[in-house]
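*Asks:* Next come a sequence and a model predicted from it.
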Amino acid sequence: MTRTRLALGALISAAALALTGCAASDASSVSWHGPSSGVVDGGQDGGTQAHPISDSTAQAATGAGKPSASASATPSASTSAAPSASASATAPSDGIMRKTGNDGVALTFDDGPSADTPKLLAMLRQHNIKATFCVVGVAVQEFPQYLQEIVKDGHTLCNHTWKHDEKLGKKSADTIRADLQRTNDEIRKVVPGAQIKYFRHPGGNFTPAAVQIATELGMVSLGWTVDPSDWNTKKWSGNQMTQHIISNVRNNTKPGAVILSHDGGGDRSATLAAYKTLLPELKQQFTLVALPV
Ligand SMILES: [Zn+2]
């Protein structure tokens, strides 16, 4: 029964949150201002959620631990060729996929598209690197052409909710479902037939209900193992932020890693500068993969 599954999921999820260091630090919401057209509707997600939890809240919510034991999930038999089934196989029991399931390293970029997205796409193109983009519905609405470029370049799409509501997962099932569906509908309005096989809850605040509904909509819930905190523009800025991102990614990336960064939700010039240095390095050390669809 659903209730049983959710209850079990809640327990597992709570445990996972305690173990997962970065789970809530996708507080991109800390710097998430939304597209300039911003509040498209005052509606269902609750406008107040656009403005985020504090850094300390984010840290407290997650603890400082390392990614969960999920790492031990059995990799799929094949590599990137297999579709979502392969992604599912890598998901631990809480239903959140945090590693690629093989030696491949996945770059994931959240909160776009934005005015910075084309610059990132150009760099990825230059190095022939495929990545995964967790896009926000209102941002897709504002920058449809950049979403088209993302897909045209062969990157993977991920649903990051309609307008980055960090508390969406705690709302009613109907509200969650409507938000995720609306986001997928907007994506497919811009790119008909687009494959959207992943869902990432804003702030990493996955709940069993959100994971379950994402599954019902055909999406694997996507976490991460490396978080250089490029969202934390209150703590670092400019070259200091760039250097922080570079050293964090250098020090923490291992085979199978899913790296969290942002191409939207605020000024991403430091992220772009960091990846200018990081992309050739990472490409030399690892196989960089778009998550399979
Ligand atoms: Zn985000």
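*Replies:* Structure received. Numbers count the residues shown, from 1 in each chain.

*Asks:* Give me the neighbour count for the closest residue to the ion within the stretch 151-293 of the chain.
*Replies:* Here the stretch 151-293 of the chain gets closest to the ion at one residue, residue 202, 4.7 Å apart by Cβ to the ion. In this view, the C-beta of every residue, glycine as well, is placed from N, C-alpha and C. With neighbours defined by other Cβ atoms under 10 Å, the count for residue 202 comes to 30.

*Asks:* pretty sure it contacts residue 159?
*Replies:* No - contact between residue 202 and residue 159 fails when scored by Cβ atoms under 8 Å: they sit 10.7 Å apart.

*Asks:* shaky segments in the stretch 151-293 of the chain?
*Replies:* Regions of the stretch 151-293 of the chain meeting the criterion pLDDT under 70 are absent.

*Asks:* can you give me the helices for it?
*Replies:* Per DSSP state H, counting those that start in this stretch, the stretch 151-293 of the chain carries helices over the ranges 173-190, 208-216, 238-252, 269-285.

*Asks:* Give me whichever of those helices is most buried.
*Replies:* A comparison of the helices of the stretch 151-293 of the chain by mean neighbour count, using mean count of other Cβ atoms under 10 Å, puts helix 208-216 on top with a mean of 21.

*Asks:* what packs against it?
*Replies:* In terms of contacts (3 or more Cβ pairs under 8 Å, 6 or more residues apart in numbering; DSSP states H and E), helix 208-216 is packed against helix 2-19, helix 173-190, strand 220-222.

*Asks:* now the strands: where do they sit in the stretch 51-200 of the chain?
*Replies:* Applying DSSP state E, counting those that start in this stretch to the stretch 51-200 of the chain gives strands spanning 96-97, 106-110, 132-135, 156-159, 196-199.

*Asks:* for the third one, packing partners?
*Replies:* Think strand 132-135. Packed next to strand 132-135, using 3+ Cβ pairs under 8 Å, 6+ apart, are strand 106-110, helix 144-152, strand 156-159.

*Asks:* got it, and the fourth one?
*Replies:* Counting by 3+ Cβ pairs under 8 Å, 6+ apart, the packing neighbours recorded for strand 156-159 are strand 132-135, helix 173-190, strand 196-199.

*Asks:* Redo these as a markdown table? Include distance to residue 225.
*Replies:* Shown next, in a markdown table, are the helices and strands packed on strand 156-159 (distance: least, Cβ to Cβ, whole Å):
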| stretch | distance to residue 225 |
| --- | --- |
| strand 132-135 | 14 |
| helix 173-190 | 24 |
| strand 196-199 | 15 |
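
*Asks:* can you tell which of the ones you listed is closest to residue 277?
*Replies:* Of all those, it is strand 132-135 that lies closest to residue 277, at 20.5 Å by Cβ to Cβ.

*Asks:* Restricting to C-alpha, output the closest one in CSV.
*Replies:* Extracted as CSV, the C-alpha positions of strand 132-135 are listed here (Å, rounded to 0.1, in the frame of the first residue of the first chain):
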residue,chain,number,x,y,z
THR,A,132,22.9,17.1,-17.1
PHE,A,133,20.8,20.2,-16.6
CYS,A,134,18.2,20.4,-13.8
VAL,A,135,16.0,23.2,-15.0
